[in-house]
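S.K.: got a structure for you, letters missing:
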């Protein structure tokens, strides 16, 4: 009899209305949780989106500072670049008495949410033997750009085997300028927009060893500023295009 009472006293709370109600709620939640989670994940998964205009059709004549006095050459991509769209243009000055003699524009484009964010120049250039002399954040004024009046980018000065080099770069991801791979991953991973894309925009110029890099830096800023304006207005998807409807 004592054992029976113990069983009854233990079973009483289990048979109470509140306990049974909680159990039913938990069962329903367990049954609906996985489908609900799957539906939510399916809703927020990001899709790829193509450029409005292929980068190979980038119009260099639209660059005011590089329309005259420069010769433009297309540089074939390396076989392992692994990007959906690629633009590599070398601008060679036709007069040898003016520095810098050449500036290179390098633009990549990715639109898969699981695409690997490319290494920044301070990593991949060093793998080729370059030595970093200077690495800092810079601000590039963009008075003609509708969405912002300035861009935060990265400036690197490299020492190469036969020359020194200026590199200015940043990422453009879902309509936002970022200058680190971590920032790009954060934007791509955030739920909200239906589509995602990111691009690395890079400008490079060589100058003689131990020379003053200031002229090359300003030329790189100019090409960066003018190229970004065209890329945003004619090539990259608009913010309206990537939003979830």
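M.R.: Ah, there it is. As the structure is a prediction and not an experimental result, all values here were calculated from the model.

S.K.: Based on its surroundings, how many neighbours for residue 128?
M.R.: Burial of residue 128 is recorded as 9 neighbouring residues (other C-beta atoms under 10 Å). Placement of C-beta: from N, CA and C, glycine included.

S.K.: where exactly do the strands run in this protein?
M.R.: Listed in chain order, the strands of the chain (DSSP state E) span residues 47-48, 70-74, 85-93, 102-110, 131-141, 150-159, 164-173, 176-178, 195-196, 198-207.

S.K.: Stretch 50-62 spans what distance, first to last residue?
M.R.: End-to-end distance for stretch 50-62: 22 Å, by C-alpha to C-alpha, to the nearest Å.

S.K.: ok, the residue nearest to residue 102 when sequence neighbours are not counted to residue 53 distance?
M.R.: Taking C-beta to C-beta, 6 or more residues apart in numbering, and ignoring the residues beside it in sequence, residue 102 has residue 92 as its nearest neighbour in space, at 4.8 Å. In this structure, residue 92 and residue 53 are 25 Å apart, going by C-beta to C-beta, to the nearest Å.

S.K.: between those two, who's got more neighbours?
M.R.: Ranked by neighbour count (other C-beta under 10 Å), residue 92 and residue 53 place residue 53 first, with 16 against 12.

S.K.: okay if I get the strands of the chain as JSON lines plus mean pLDDT and distance to residue 220?
M.R.: Formatted as JSON lines, the entries for the strands of the chain read as follows, by pLDDT from 0 to 100; distance: least, C-beta to C-beta, whole Å:
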{"stretch": "strand 47-48", "mean pLDDT": "90", "distance to residue 220": "30"}
{"stretch": "strand 70-74", "mean pLDDT": "94", "distance to residue 220": "14"}
{"stretch": "strand 85-93", "mean pLDDT": "95", "distance to residue 220": "11"}
{"stretch": "strand 102-110", "mean pLDDT": "96", "distance to residue 220": "6"}
{"stretch": "strand 131-141", "mean pLDDT": "95", "distance to residue 220": "9"}
{"stretch": "strand 150-159", "mean pLDDT": "96", "distance to residue 220": "8"}
{"stretch": "strand 164-173", "mean pLDDT": "96", "distance to residue 220": "5"}
{"stretch": "strand 176-178", "mean pLDDT": "95", "distance to residue 220": "16"}
{"stretch": "strand 195-196", "mean pLDDT": "92", "distance to residue 220": "28"}
{"stretch": "strand 198-207", "mean pLDDT": "96", "distance to residue 220": "4"}
